[in-house]
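# with the input below, show me the fold.
(chains A, B, C and D)
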2 protein chains.
Amino acid sequence: MKPLTIGTLAKSAGVGVETIRYYQRRGLLSDKGPRRGAYRIYESGDLARLRFIRRAQALGFSLDEIGDLLSLDETDDRAEARALAQARLGEVEKRLRQLQEIRDALKGLIACCEHTESPAPCPILHTLAENDELDTHAR
Amino acid sequence: MKPLTIGTLAKSAGVGVETIRYYQRRGLLSDKGPRRGAYRIYESGDLARLRFIRRAQALGFSLDEIGDLLSLDETDDRAEARALAQARLGEVEKRLRQLQEIRDALKGLIACCEHTESPAPCPILHTLAENDELDTHAR
DNA sequence: GTTGACTCCGTATCAGGGTACGGAGTTTAG
DNA sequence: CTAAACTCCGTACCCTGATACGGAGTCAAC
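Model prediction:
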C-alpha cells in the first residue's frame, strides 16, 4: 500500500501542500516523524489533526487558539477548553452586535435614499459627510 | 491663527500622522495643496474627508470602496452610492448569518460540556476531533 | 534508465490597514 | 539664538493565514 506522503495527506484533508508545511512551521503539526528515504511519511493522526484544525477554524478560532485547543485535546482539559470556547463565544457575540448595528445603519441609509428626491443630497453620502456624532466605533 | 498642519489635523480627526500620509499614498486624500514653507497646510475639507472615511469604515467599507464613495460624493451619484451600500449590506448580512451559526455551535458545545461527566471525553474537544461532517464552511 | 511527478527546504509574496524608524530640514517658543 | 517639537520623505516592518517560486533531490512507471 501507498505511504501517506504530504501530497496525499493534503488532498485527503482538502488543503494545499504548502498549508501543511505552514502548519508544521507554526507548530500545529509535527514536522518530525518517520521517513521513507528523504520523504516524510504521515499517519492517520495527522489527518485527524488537520480536520480538527479545519473544524476549529470554521468556528472562528485563530491558529494560535487552535494550537491551545490541540494541546488541551492531548490532556483532555475540559475546564480550559470550555474557557476558550466561552472566550470565543464572547467575541463572536460582540462582533454580532457590531454587525447588527452596521446592518441597521446601512438599511436605514438605503431606505432613506429611496424616499428622497434628487435635488436633496444623497442621504448615504450626506450622512457619511456629516459633521455630527454618528461614530459607531471603528472596527 | 494657526495653520492646520498634519499633526493638528491628525489630532482633530483622531488618527495618526502616518495614517494621513498613508491615505495620501492611497489617493483617498490629496497630497498636493498649499504649503507654508516646506510644510503642507490642510483645510477643513481634509478634516471632513477624514471623518467621511472613518464613518464609512465604521460601516465596514474597505478603503478601496471608500475611495469609490468619495468620488461618488463629488458627483453626488445616488444610484451608484445606493448600489455600493446594497452590496455592503449583502456582505454584512451574509457574515451575520455565518456568525450566528458559529455562535449557536459554540453555545451548543459549551452547554453540552457542562452537562457531561468527567470520564466521557470533553464534548468540545471531542467534536472538533470527530470524523463526521460538521463542516460549516471555513471563513 | 530516463522521464515525469512528487518532495524538500528556504525564501518571497499576497491582501488590508496601517505603524515605525531614521535622518534631515523647518518652525516656533522662550 | 538655541533647543524642542514638528514635518518631510522614503523605506521597512507588523499581523494573519496562507500561497508561490525555484532549484535540487527522489521516487515510480514504463
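
# hey, let's count contacts and neighbours off CA atoms from now on
Noted.

# what helices or strands is the longest helix anywhere in chain A leaning on?
As far as residue count goes, and with DSSP state H defining each element, the longest helix of chain A is helix A:78-114. On a contact count with 3 or more CA pairs under 8 Å, 6 or more residues apart in numbering or on different chains; DSSP states H and E, helix A:78-114 meets helix A:63-75, helix A:123-129, helix B:78-114, helix B:123-129.

# state the mean pLDDT of it.
Average pLDDT, helix A:78-114: 91.

# next, the angle helix A:63-75 makes with it.
Taking axes from the mean of the first three to the mean of the last three CA atoms, to 10 degrees, one finds helix A:78-114 and helix A:63-75 inclined to each other by 150 degrees.

# what about helix A:78-114, distance to the chain center?
How far helix A:78-114 lies from its chain's middle: 15 Å, per CA atoms, centre = their mean, to the nearest Å.

# list the buried ones in that helix?
Going by neighbour count (16 or more other CA atoms under 10 Å in any protein chain shown), the buried part of helix A:78-114 is A:78, A:81-82, A:84-86, A:88-89, A:92-93, A:96, A:98-99, A:102-103, A:105-106, A:109-110, A:113.

# circling back to that earlier point, and of the helices and strands packed on helix A:78-114, who's closest to B:Leu59?
Counting by CA to CA, B:Leu59 lies closest to helix B:78-114 out of these; the figure is 8.5 Å.

# for the residue nearest the centre of chain A, helix, strand, or coil?
If you average the C-alpha coordinates of chain A and look for the closest C-alpha using CA atoms, centre = their mean, you land on A:Gly60, 3.9 Å from that point. Look at A:Gly60: counting by DSSP: H, G, I helix; E, B strand; the rest coil, its state is coil.

# measure it to DNA strand D for me?
Between A:Gly60 and DNA strand D the distance is 8 Å, computed by CA to the nearest atom of the strand, to the nearest Å.

# phi and psi next, for that residue.
Recorded main-chain torsions at A:Gly60 are phi 90, psi 10, according to degrees, to the nearest 10.

# can you pull the domain assignment for chain A?
A:6-60, A:91-129 (automatic domain parsing).

# can you say which of these is nearest to B:Lys11?
Ranking the domains of chain A by distance to B:Lys11, with CA to CA as the measure, places domain A:91-129 first at 18.6 Å.

# which bits of chain A sit near DNA strand D?
With the criterion set to CA under 7 Å from any atom of the strand, chain A comes near DNA strand D through A:15-16, A:18-19, A:22, A:36-39, A:61-64.

# pLDDT below threshold where in chain A?
Per-residue confidence of chain A (counting by pLDDT under 70) places the weak regions at A:1, A:119, A:131-139.

# can you list the residues of it near DNA strand C?
Those residues of chain A that sit near DNA strand C, judged by CA under 7 Å from any atom of the strand, are A:5-8, A:17, A:38-41.

# go with 10 Å
A:3-11, A:16-18, A:20-22, A:24-25, A:31-42, A:138-139 (CA under 10 Å from any atom of the strand).

# inside strands: which ones of those?
In this view, the residues of chain A next to DNA strand C that belong to strands under DSSP state E are A:35-36, A:39-40.

# let's have those in JSON lines, adding distance to A:Glu130 and neighbour count.
As requested, these are arranged in JSON lines below (distance: CA to CA, whole Å; neighbours: other CA atoms under 10 Å in any protein chain shown):
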{"residue": "A:Arg35", "distance to A:Glu130": "65", "neighbour count": "12"}
{"residue": "A:Arg36", "distance to A:Glu130": "67", "neighbour count": "10"}
{"residue": "A:Tyr39", "distance to A:Glu130": "62", "neighbour count": "13"}
{"residue": "A:Arg40", "distance to A:Glu130": "61", "neighbour count": "16"}
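
# show me the two of those residues that sit farthest apart.
Considering CA to CA, no two members of these lie farther apart than A:Arg36 and A:Arg40, which are separated by 6.4 Å.

# buried sites along stretch A:109-129?
Burial within stretch A:109-129, assessed by neighbour count using 16+ other CA under 10 Å, is assigned to A:109-110, A:113, A:121-125, A:127-129.

# next one: it to chain centre, how far?
Between the mean C-alpha point of stretch A:109-129 and the mean C-alpha point of its chain there is a distance of 35 Å (CA atoms, centre = their mean).

# understood, closing this out.
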